[in-house]
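Trainee: with the input below, show me the fold.
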Amino acid sequence: MPRQAPWASTSTAAPPNHEAQGRKCEFGPARPAEAQQHDLRGGRLLLQHFFGERLQPIFTPPWNRCAAHTPALLAGMGFAALSRDRGAPAQQALPELPVDIDWSRQWREGGAAAAARALAQALRERAADGAPLGLMLHHAVMSPDELALLGGWLWRLARHGRLRWQPMAALLLWPPRSPNPAAGERSMTSACPARGVALLACGTGHSQPAPPVASARRSWRCPSTRRSPAEGTWRRHRPAAGRQPAHVRIDDRRPEEPFTVSPFGQPVQLTGSWEYTDEQRKNFDLERARERDRRVREHEIKLEARTRPSADSEVFVQAVGLHETRRTQGSTGSTKAKSLERGQTWVRFDRVGGSRWSLQAGRVPLIDRRAWWWDDDLDALRVTGAGDGWKLDSGLARELMRVSSAERGLSPSARGVLRWFGQASWRLAPRHALDLFWLVHRDRLGRMPAGAAAIDEDATDPSDLTARWLGVRASGEWRPANGLRLGYWADAAMLRGTEQRTDYTEQGEPATAGNSHPARACAATASMWVRRPSAAAGGRRSRWAYARGSGGERSATLDANFRQTGLQENKARLAGVKRLRIYGELLQPELSNLEVRSLSAGVRLLDNSSLELIGYRYRQPVPSTSIPGARLSADPLGVSGDIGREIDVLLALREWKHFELTLRWSRFTPGTAFAEDQRDPAQAIELGASLNF
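Mentor: Just a heads-up that it's a prediction; the model follows:
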């Protein structure tokens, strides 16, 4: 899926009305059961494509009403509940989670006073009968004044000792067998811009615990979320990857209801994951005769704790354990490496001073959905804010201590480096967004003069870079009536700066005083994709992409080779449920002095599984003796720009709630840029498994 802005909402166009007389209705009595069933099945497949297993089988009919025969259709299709107006005619086919208040109608007819009266009356009624209270919202058409007022009310209600929040699914077991107020506390995590529902309930007795309150649910009409500036809520920013907290990366999955403990009365969520990969790397030397194949097995364990000391603050701590075993053909034994790493460790304060801004400090995640700019954790101080159609995220970063136990100190390339990063985003139209990125990088590490005393060889940093990157991204999607989906994204970036390079001897002594030259380069990358409806769960998707990073001969006065920020991962979801490296899984080059053309096709085999085929063609604009970032052991000769071709095949299975499997095969065929005796194909095959808890 192409990237959507975190706040992007669905179209505000009204659903189709199929009633010639009476009140408007999409699933009304005028429509036969076959027509309704067709639309229900198609809508469910589309939402399963976006949400996968996170989609809850709760149906909210457009205009809040449906025909008498619709609940039976829903029950036959496996739906678990119906959510519509509390005054609707009774039915026996499905449990109902009724709506008490239509916020937008009350506001439209009588403003804030009418909305207040309706909410107060509904609270009194539900306090009397002990049932949940349903509040229906229409975020896409709500004004800033409405959002501010609603946010203030929900803020006060959330702090009330006799109110609790829970997912809607929990209310299907209403009433609970043994209510637990601590376990029921939950922020509004899934409110949908186009249409969301919050269910509230008030306690029925002075000494009895309050009944559970369902939070805003997963809407059946919107694949993305946003946060009103007035809401003190936990954020979720990834519609295509699932509803995960903002610190969770796109491919990471965490339980919707994490294991929770309450030391000293403070709820703490405990989550984590285990990931295993087993990769066979064949002929990365591009010479079969050398027989230097490798097998690399890696384990990664993440343990996480997350808590909210108050409604406007959050604390997150993550520890990472790594273990790698590497065996090389022709060598005896294997090489093992293990380490502990400090992962994300931060505190965040929302609604600082009652504003729409939040402040985050610690080791924070810097995540770009395409990972073209960054996908890394940094020691930083960060500020974010969002409004009606815009978002700003910016901060200062500087590494304070070593990240891994395998390091003896702070990495030489990170010492003395100060970064100012930022991203500003605007919603141009429904499903279309514009993003501005910037990064200012200053390396303030002191340089050693030529002839200085020897230093630790591992502590040398041959490059001191002062540079700035500035870029823009456009992304969006069209949805014509014929069922096709057409999408695009495009990035352009320029680099300006100065680099000073120092050559060191093998003993770590500065061999030269260093030479300085300006860096001026640019890069561009673009993609277009189309998804065709099919019998498969998510349809078929084809994608074309082009990328080019400028390249030129380095001289004493100018470096014309573009380089990426050093924080990038170059990963994105193409046609399936798992991210891929957008410039090839085997080669994995940086977009520097490189032109990449790619064509991919994929199909969703099941609701949350996919098979993808991607082809790449690589060329250097200026022939060089190196390919920055590439994993090959062989280097080109520098006389031809034809680097070669690559084919990747990925099978991803994510049908289980906590477990997933991946199988990837890659083949790289060298081009004329390599010597004639170094043109044998390289291959890699990798099996991956992940357990999320």
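Trainee: in the helix or strand hosting Gly111, which of the residues would be classed as buried?
Mentor: Taking DSSP states H and E as the definition, one finds Gly111 inside helix 103-129. Buried residues in helix 103-129, defined by neighbour count with 16 or more other C-beta atoms under 10 Å: Trp103, Ser104, Gln106, Trp107, Ala115, Ala118, Leu119, Ala122, Leu123, Arg126, Ala127. C-betas here are computed from N, CA, C, even on glycine.
Trainee: which elements pack onto whichever helix or strand comes after that helix?
Mentor: Next in sequence after helix 103-129, counting helices and strands by DSSP H and E, comes strand 133-137. For strand 133-137, the elements it packs on are strand 101-102, helix 103-129, strand 196-200, judged by 3 or more C-beta pairs under 8 Å, 6 or more residues apart in numbering; DSSP states H and E.
Trainee: pick out the shakiest of those, pLDDT-wise.
Mentor: Per-stretch mean pLDDT for the helices and strands packed on strand 133-137 is lowest at strand 196-200 (a mean of 37).
Trainee: what about the closest residue to Pro144 other than its chain neighbours, how many neighbours?
Mentor: Nearest non-adjacent residue to Pro144, counting by C-beta to C-beta, 6 or more residues apart in numbering: Asp388, 6.0 Å away. When neighbours are counted by other C-beta atoms under 10 Å, Asp388 registers 13.
Trainee: with the one 10 residues further on instead?
Mentor: Residues lying near Arg398 (other C-beta under 10 Å) number 16.
Trainee: can you pull the pLDDT of it?
Mentor: 95.
Trainee: I figured it hits Arg419, correct?
Mentor: Yes: checked against C-beta atoms under 8 Å, the pair Arg398 and Arg419 is within contact range at 7.2 Å.
Trainee: which one of the helices and strands packed on strand 133-137 lies closest to Val603?
Mentor: Ranking the helices and strands packed on strand 133-137 by proximity to Val603 (C-beta to C-beta) places strand 196-200 first, at 31.8 Å.
Trainee: contacts made by the next helix-or-strand element following that closest one with the rest, please.
Mentor: Per DSSP H and E, strand 196-200 leads on to strand 259-261 as the next helix or strand towards the C-terminus. Here strand 259-261 makes contact (C-beta atoms under 8 Å, 6 or more residues apart in numbering) with Ala183, Pro267, Val268, Gln269, Leu270, Thr271, Phe693.
Trainee: related to what we said a few turns ago, anything in contact with each of Arg398 and Arg419?
Mentor: Contacts common to Arg398 and Arg419, judged by C-beta under 8 Å, 6+ apart, are Ala380.
Trainee: quick one, grab the pLDDT at Gly130.
Mentor: For Gly130, the predicted pLDDT is 76.
Trainee: how near is it to Ala414?
Mentor: 58 Å (C-beta to C-beta, to the nearest Å).
Trainee: more neighbours: those two, which one.
Mentor: Ala414 (20 against 16).
Trainee: would you agree that one is in contact with Met401?
Mentor: No: using C-beta under 8 Å, Ala414 is not in contact with Met401; the gap is 10.1 Å.
Trainee: who does the host helix or strand of Asp435 touch, helix- and strand-wise?
Mentor: In the assignment (DSSP H and E), Asp435 maps to strand 432-443. If contacts are counted by 3+ C-beta pairs under 8 Å, 6+ apart, strand 432-443 sits against strand 417-429, strand 463-478.
Trainee: the first one pairs with which strands?
Mentor: Right, strand 417-429. Using DSSP bridges, the strands paired with strand 417-429 are strand 390-397 (antiparallel), strand 432-443 (antiparallel).
Trainee: can you lay out those strands as CSV showing mean neighbour count and distance to Val364?
Mentor: What follows is those, written out as CSV (neighbours: other C-beta atoms under 10 Å; distance: least, C-beta to C-beta, whole Å):
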stretch, mean neighbour count, distance to Val364
strand 390-397, 18, 7
strand 432-443, 19, 15
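Trainee: as CSV, those strands with distance to Gly549 would be great.
Mentor: CSV is the format used below for the strands paired with strand 417-429 (distance: least, C-beta to C-beta, whole Å):
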stretch, distance to Gly549
strand 390-397, 24
strand 432-443, 15
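Trainee: of those strands, which is nearest Thr669?
Mentor: Comparing those against Thr669 with C-beta to C-beta, the closest turns out to be strand 432-443 (33.9 Å).
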